[in-house]
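Asker: please work out how this folds:
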Amino acid sequence: MEKLSENYMENVRLFDEVLGVGRSVDMVSRDYIIGGRRARIWVVDGYGKDETLERMGAFWLSQPENALANLTDMQAFIDRFISFSEVDVSRDPEDIATSVLMGKSLLLVEGLSGAALIDAKDYPGRGVNEPPDGKVLRGSHDGFIEAVVPNMALLRRRIRDPHLTMEGLKVGKRSRTDAVLCYLDDKADPELLEAVREKLNAIDVNSLSMAQESVAEVIRPKQWYNPFPKVRYTERPDSAAASIMEGNIILMVDNSPSVMILPTTFFDFTQEANEFYFPPLVGTYLRLLRIVVFLISLLITPVWYLMVKEPGRLPGALEFLSSPEPASLGLLWQLLVVEFLVDVLKLASLNTPDSLSNSFSMLGALILGDFAVQAGWLGPEVLVYMAFVSVASFAQPSYEMGYAFKLLRVALLLATAVFDLWGFCLGILGIVVLLATTKPLVGRGYLYPLLPFNAKALRRLLIREPISRDNT
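Answerer: Next up, the predicted model:
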């Protein structure tokens, strides 16, 4: 059926069956007599705003017998009898059914052509509390939630510009998930916008059950061997608003508190919200410290293994580094085992109840660390280096980039163990080539503004500049 029937009962039977009235316990329907005519409303239990629907229902039931005389179109009924502002008319059964499943209330009235879709919904959701992975000492302490409408409001509150555009899309053949592109229409790159739209419209999957991660996986370039993240996420409205003001695009996906920032480059991961809540000098120091610490975390264990692998490589001043205490396991295996154990502890902590998390951390450190050293399985130097690596990984706000560097560190360590100095050099070269060949979702390139070179943009990414007219 392409359009609604002129027969009221036929339409009622159609939507009762399509929406699952009697089949799904959360699909609620109710009959009315409005001005002497039959009417029926459908709403998903838990979505409808009860107070609004009750007030409208009481008003409709109070109408006299001839209140709808001479009315033949639903729009005329809306103009006279529906005070709620967000309401429209549709005649497409598929569009109507999808709208009801999105949370709108459907109203049919006998003798009126078209269906009224009343957007009186109230999604269940948590408060806009600060996200756990983006805390700041100063600044706002609100965060995105799993519903796109409150998330859009959080951005509107920060950018009160009529050029701020919220473009709605539906993705997923069966899930029909809401996705929203947020951008400034006078600042965002039109070609970039069109590229993002094409990728989203080309999504050919039934469901996006994992929200933004599902979207990222189906539109990212097919480079399974490349661990570098192609998308930057944030749960902070202030960070998202700043990105929009710089001309970037924000992609919000329903059921996810994280939004995607497009385009994404490697150097974007050097920034964090905390830097912008301190003076420029302090912010620059924190940014450079993060970059240095993260590079050290990539290189420290392969470089140390290279230095101590053969005696006599170090100058006299650093000779103390070349004599790790003997242990049952070889040095390479010690480093690999501790890398593995660190990840086991992280996974276990995710499933540990909050009330036991502190006890778990202490037990894990004491039992796995101290006992392994006393038993002679591991050397204390290995634990020191790996403890630094573990702490340094938390300096990077992106979990995806942290795990990318971890995999590269292990690969570099193995290459160094097999081919010695040549393996280390080839490993570094391989990482650079991998970076240079990484394909972003959209944009100029993964290493922009280094390739292609843009000195001004690169300086802004490496140095926290003072606030100016164009600096956000």
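Asker: any idea how far residue 344 is from residue 408?
Answerer: To residue 344, residue 408 is 20 Å away according to C-beta to C-beta, to the nearest Å. Where C-beta positions appear, they are placed from N, C-alpha and C, glycine not excepted.
Asker: the more surrounded of these two?
Answerer: Higher neighbour count among residue 408 and residue 344: residue 408, with 20 against 12, using other C-beta atoms under 10 Å.
Asker: which SS class is the residue nearest to the more buried one when sequence neighbours are not counted?
Answerer: When the adjacent residues along the chain are set aside, residue 408 lies closest to residue 431, with 5.6 Å between them (C-beta to C-beta, 6 or more residues apart in numbering). Taken by DSSP: H, G, I helix; E, B strand; the rest coil, the conformation at residue 431 corresponds to helix.
Asker: from residue 226, how far off is residue 431?
Answerer: Taking C-beta to C-beta as the measure, residue 431 and residue 226 are separated by 11 Å.
Asker: do the same with residue 306
Answerer: From residue 306 over to residue 226 (counting by C-beta to C-beta), the distance is 25 Å.
Asker: now do residue 256
Answerer: Using C-beta to C-beta, residue 256 is found at 23 Å from residue 226.
Asker: which one of the two has more residues nearby?
Answerer: Regarding residue 256 and residue 226, a neighbour count based on other C-beta under 10 Å identifies residue 256 as having more, with 25 against 17.
Asker: so residue 92 makes contact with residue 98?
Answerer: No - assessed by C-beta atoms under 8 Å, residue 92 is found out of contact with residue 98, at 9.2 Å.
Asker: helices along the stretch 101-250 of the chain, start to end?
Answerer: Under the criterion DSSP state H, counting those that start in this stretch, the stretch 101-250 of the chain contains helices at 148-158, 190-201, 212-219, 237-245.
Asker: just those: most buried one?
Answerer: Highest mean neighbour count of these: helix 237-245, a mean of 22 (counted as mean count of other C-beta atoms under 10 Å).
Asker: so how far is it off the chain centroid?
Answerer: Distance of helix 237-245 from its chain centroid, counting by C-alpha atoms, centre = their mean, to the nearest Å, is 14 Å.
Asker: what helices and strands are in contact with it?
Answerer: Packing partners of helix 237-245 (3 or more C-beta pairs under 8 Å, 6 or more residues apart in numbering; DSSP states H and E): helix 148-158, strand 177-184, strand 249-253, strand 259-262.
Asker: returning to what we had before: I'd like the helices of the stretch 101-250 of the chain laid out as CSV, including distance to residue 116 and mean pLDDT.
Answerer: Supplementary listing: the helices of the stretch 101-250 of the chain in CSV, determined by distance: least, C-beta to C-beta, whole Å; pLDDT from 0 to 100:
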stretch, distance to residue 116, mean pLDDT
helix 148-158, 20, 87
helix 190-201, 29, 89
helix 212-219, 32, 77
helix 237-245, 33, 92
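Asker: which stretch among those comes nearest residue 133?
Answerer: Nearest to residue 133 among those is helix 237-245 (11.6 Å), distances taken as C-beta to C-beta.
Asker: and the contacts of the closest one?
Answerer: For helix 237-245, the external contacting residues (C-beta atoms under 8 Å, 6 or more residues apart in numbering) are 134, 139-140, 142-144, 151, 154-155, 157-159, 164, 182-184, 187, 234, 250, 259, 261, 273, 276, 472.
Asker: who touches the closest residue in space to residue 25 that isn't next to it in sequence in this structure?
Answerer: Ranked by C-beta to C-beta, 6+ apart and with sequence neighbours excluded, the top spatial neighbour of residue 25 is residue 45, at 7.7 Å. For residue 45, the set of contacting residues under the criterion of C-beta under 8 Å, 6+ apart consists of 25, 26, 27, 28.
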